[in-house]
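J.: Generate a structure from the sequence data that follows.
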Amino acid sequence: MRILLAEDAEDLGDAVAARLRASGHAVEWHRSGTDVAARAREEPFDALVLDVNLPGRDGFAVLAELRRAGVTTPVLVVTARAEVDDKVSLLDLGADDYIVKPFDLREFEARLRAVMRRPTSARASLVRVGTLGVDAASRTVVIGERPVDCGRREFRVLEVLIARLGQVVAKERLMSQVFGAEEDVGINALELLVSRLRRKLEGAGVEIVTVRGSGYLMRAAAPDAAGRPDAAD
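T.: Got it, this is the predicted structure:
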């Protein structure tokens, strides 16, 4: 899973990020409420771990902004506030669950798993463009009713591009999202993934366009003179 972590305390942030990465998750860690609100609106994440006491904007403000903007990412709030009124306020603002500091990392992981399993987030995860359907929760791809077999990294490329439909995504950004900083791979690996993905999406009414010197964008394919979608550039 891809998890956005908002925590300004270095020791707790290090412990949570290390635990999640050891479990195989990709973690993007921010220390400012302003930064995490922007990232949650820019990119799809499987979950947001949101500390209440953040510099810039606190967790209450971040949560309210994201839910007003229609961001349905499951949110697990981390708080030092044990008062019932604060907990009720967080749930009313749209938090899926909360955990009070100090906490055991095993309980934290269990709560996070429960939050990500909830069907409300799964129902909101389906995106359709043309005849292409991409479900981030079940990690499935269909063209019409036909399932498309995508590898983990191919799916990640598709997920990032479709989340920014009609916008250019830099190759460097895709590299970091798909491979992570720990993997020593070249740009050719990304180009190969995109090439394979283009072949698998033929007939879906979408195209992945190469923007020279910049990156890639996904868009609905324009029909050609015969009424068929054009091939990708």
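
J.: confidence score at A232?
T.: Note for A232: predicted pLDDT of 43.

J.: same question, R67
T.: The model reports R67 with a pLDDT of 84.

J.: before we move on, what about D135?
T.: On pLDDT, D135 comes in at 80.

J.: same deal with I99?
T.: If you check I99, the pLDDT there is 90.

J.: and it, how many neighbours does it have?
T.: For I99, the neighbour count with other CB atoms under 10 Å is 17. Any C-beta I mention is one placed from the backbone N, CA and C, and that applies to glycine too.

J.: In this structure it contacts A110, no?
T.: No: I99 lies out of contact with A110 (CB atoms under 8 Å); the separation is 9.7 Å.

J.: What is whichever helix or strand L91 is part of packed up against?
T.: Using DSSP states H and E, L91 maps to helix 84-93. For helix 84-93, the packing partners by 3 or more CB pairs under 8 Å, 6 or more residues apart in numbering; DSSP states H and E come out as helix 59-68, strand 75-79, strand 97-100.

J.: In this structure, mark out all the helices, start to finish.
T.: With DSSP state H as the criterion, the chain has helices at 10-22, 33-42, 59-68, 84-93, 105-117, 119-123, 152-163, 171-178, 187-200.

J.: In terms of mean pLDDT, which of those helices ranks lowest?
T.: Mean pLDDT is lowest for helix 119-123 among these, at a mean of 48.

J.: So which of the helices of the chain is nearest L76?
T.: When these are compared by CB to CB, helix 105-117 sits nearest L76, at 5.1 Å.

J.: What are the contacting residues of stretch 187-205?
T.: Identification of contacts with stretch 187-205 by CB atoms under 8 Å, 6 or more residues apart in numbering yields 129-132, 141, 143, 148-150, 153-154, 157-158, 171, 174-175, 178-179, 207-208, 210, 216, 220-221, 229, 232.

J.: Check the gap between A15 and L105 for me.
T.: Taken as CB to CB, to the nearest Å, the spacing of A15 relative to L105 amounts to 7 Å.

J.: coming back round to it: dump the helices of the chain into JSON lines; add distance to L50 as well.
T.: Listed next are the helices of the chain as JSON lines, based on distance: least, CB to CB, whole Å:
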{"stretch": "helix 10-22", "distance to L50": "12"}
{"stretch": "helix 33-42", "distance to L50": "7"}
{"stretch": "helix 59-68", "distance to L50": "5"}
{"stretch": "helix 84-93", "distance to L50": "9"}
{"stretch": "helix 105-117", "distance to L50": "11"}
{"stretch": "helix 119-123", "distance to L50": "15"}
{"stretch": "helix 152-163", "distance to L50": "20"}
{"stretch": "helix 171-178", "distance to L50": "21"}
{"stretch": "helix 187-200", "distance to L50": "31"}
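
J.: Quick one: closest of the ones you listed to D51.
T.: helix 59-68 (6.0 Å).

J.: Could you give the separation of the closest one from the chain centroid?
T.: Between the centre of helix 59-68 and the centre of its host chain there is 17 Å, according to CA atoms, centre = their mean, to the nearest Å.

J.: Stretch 147-158 too?
T.: The answer for stretch 147-158 is 14 Å, by CA atoms, centre = their mean.

J.: Show me which positions of it end up buried.
T.: Judged by neighbour count (16 or more other CB atoms under 10 Å), stretch 147-158 contains these buried residues: 148, 150, 153-158.
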